[in-house]
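Student: need coordinates for the below:
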Amino acid sequence: MVGAGINGLWIAWRFLRAGWQVTLADAGPLPNPAAASWDQHRLIHPLGAESEADVHAIEAAMGGWAELWSRLGHSHYRQTGGLLGGRIEARSIFLGAAGWPCQRVGRASLAALVPGLRRHPESGGLWTPRAGVLLADRIVADMVWLIDGLGCRLLPHRPVLEDEIREGRFLLDRGERFQPDLVIVAAGAGTGEVVRELAPRLAGVDQTMFYFSAPQAWERAPLLIDFGPRDTLWVAPPVAGTMLKLAATDLAVSNGPFDNDALSDRIAETFRTNEWRFVRQARCRYCRTADGMRILEPVKGTDQRVWVVAGCNGGGFKLAPLVADTVLHHAAGRAEILA
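Tutor: The predicted structure follows:
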């Protein structure tokens with residue numbers, strides 16, 4: 001397993017539970033605070049669904065996360081509820097068709113649900129109680145502990161080269177030669193460097209987020225999607241000791257500097273921030289594919305013994321349980337046939 005982000009950790013756990021011997025290599029420490037998966041929180045909700053199938057995928061992913069909480073003996077999920085401020089008509093149809101609980105709320109209800117809301121969506125909002133926050137860094141740390149306890153061989157600070165992957169042979173410490181039956185690459189934004197044939201299909205994208213210390217009322221607020229003057233602001237509430245986090249999807253950049261002023265202006269237009277205190281900003285780098293579809297396929301010329309997972313398109317964390325199940329079904333099954 002190449003890459004110890006959330007996909008790599010979930011895949012490793014699934015294979016371990018299926019009886020495989022697993023080795024996990026990462027170029028950084030384990031866990032890695034510099035990885036895209038390492039942050040205070042990630043959101044899980046169906047409010048960005050483009051189809052009924054998208055909603056069912058969130059339902060299935062939530063089941064996977066519940067399984068992890070059961071194994072750990074504690075949960076790193078906080079149900080906050082969620083509010084959608086844009087594209088309400090289309091998405092309410094998808095949610096309703098999938099049986100997901102949701103209801104339209106008017107501007108007065110929005111004011112009660114969102115502290116200090118200055119700019120109200122003209123059409124009100126779409127509310128669902130089934131949405132919340134995944135405490136990402138705590139999840140990553142616990143999953144490293146979990147797979148270590150199941151016998152996974154962990155190789156921190158071990159960058160993997162493309163030649164090694166294609167040849168299927170690795171030289172480890174003390175001259176040990178390692179030739180695995182199956183190699184899975186889930187190297188996040190670095191995938192195009194590890195499997196260069198994929199580089200033209202992947203674009204690195206930087207999403208910058210602002211973190212604030214905010215009044216206590218925000219701890220009871222829902223997550224917010226598609227708010228602000230361009231319906232692109234999203235907000236993670238400060239639950240379980242985290243900070244209030246905001247970003248705008250359309251301000252993610254592939255190259256060049258981030259427009260801090262644009263994000264600041266949109267936040268100020270949307271919320272009364274006089275009681276907020278800016279703490280820091282951070283960048284999350286992920287890969288985007290041209291067609292928006294995730295890459296899950298064997299690497300050419302490897303007789304399907306090397307598979308790659310790439311192109312989370314900014315929403316990969318919450319769906320990691322489904323990615324792991326799919327990889328186990330396809331890649332492991334194919335490897336066993338070849339063996």
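Student: next, count neighbours for Ile147.
Tutor: For Ile147, the neighbour count with other C-beta atoms under 10 Å is 26. For the C-beta atoms, the positions are set from N, CA and C on the backbone; glycine is no exception.
Student: report the secondary structure state of it.
Tutor: Classification of Ile147 into helix, strand or coil gives helix, according to DSSP: H, G, I helix; E, B strand; the rest coil.
Student: that one is in contact with Trp10, isn't it?
Tutor: No: with contacts defined as C-beta atoms under 8 Å, Ile147 does not count as touching Trp10, sitting 9.6 Å away.
Student: does Glu283 touch Asp206 like I think?
Tutor: Check again: residue 283 is Arg, not Glu. Yes: look at Arg283 against Asp206 with C-beta under 8 Å: they come within range, at 5.2 Å.
Student: neighbour count for those two, which is higher?
Tutor: For Arg283 versus Asp206, the count of surrounding residues by other C-beta under 10 Å is larger for Asp206: 17 against 12.
Student: sec struct for the more buried one, please.
Tutor: Three-state call for Asp206 (three-state DSSP): strand.
Student: quick one: contacts for it?
Tutor: 252-254, 258, 283-285 (C-beta atoms under 8 Å, 6 or more residues apart in numbering).
Student: is it bridged to anything, and to what?
Tutor: Val253, Arg285 (DSSP bridges).
Student: can you work out which residues contact both of Arg283 and Asp206?
Tutor: Counting by C-beta under 8 Å, 6+ apart, the residues touching both Arg283 and Asp206 are Phe258.
Student: circling back to that earlier point, which of the contacts of Asp206 count as buried?
Tutor: 252, 284 (16 or more other C-beta atoms under 10 Å).
Student: nearest to Trp218 among the contacts of Asp206?
Tutor: Cys284 (21.2 Å; C-beta to C-beta).
Student: what score does that closest one have for pLDDT?
Tutor: With respect to pLDDT, Cys284 has a value of 86.
Student: how close does it sit to Trp307?
Tutor: Note on Cys284: its distance to Trp307, by C-beta to C-beta, to the nearest Å, is 24 Å.
Student: can you check Gly292 too?
Tutor: With the distance defined as C-beta to C-beta, Gly292 ends up 20 Å from Trp307.
Student: and those two? which has more neighbours close in?
Tutor: For Gly292 versus Trp307, neighbours defined as other C-beta under 10 Å are more numerous around Trp307 (23 against 9).
Student: pretty sure that one is in a strand, no?
Tutor: Yes: counting by three-state DSSP, Trp307 is located in a strand.
Student: I'd say it and Glu297 touch.
Tutor: Yes: under the criterion of C-beta under 8 Å, Trp307 lies in contact with Glu297, with a separation of 6.9 Å.
Student: just for the protein, where's the confidence low?
Tutor: Where the chain drops to pLDDT under 70, the residues are 313-314, 334-339.
Student: am I right that Arg78 sits in a strand?
Tutor: Yes: secondary structure of Arg78, determined by three-state DSSP: located in a strand.
Student: may I have the beta-bridge partners of it?
Tutor: According to DSSP bridges, the residues that bridge with Arg78 are Val133.
Student: quick one: residues contacting it.
Tutor: 132-133, 135, 239-240.
Student: report the buried members of the residues you listed.
Tutor: Neighbour-count burial (16+ other C-beta under 10 Å) applied to the contacts of Arg78 gives 132-133, 135, 239.
Student: and which of the contacts of Arg78 is nearest Pro215?
Tutor: Here the nearest of these to Pro215, counting by C-beta to C-beta, is Val239; it sits at 14.1 Å.
Student: great, nothing more from me.
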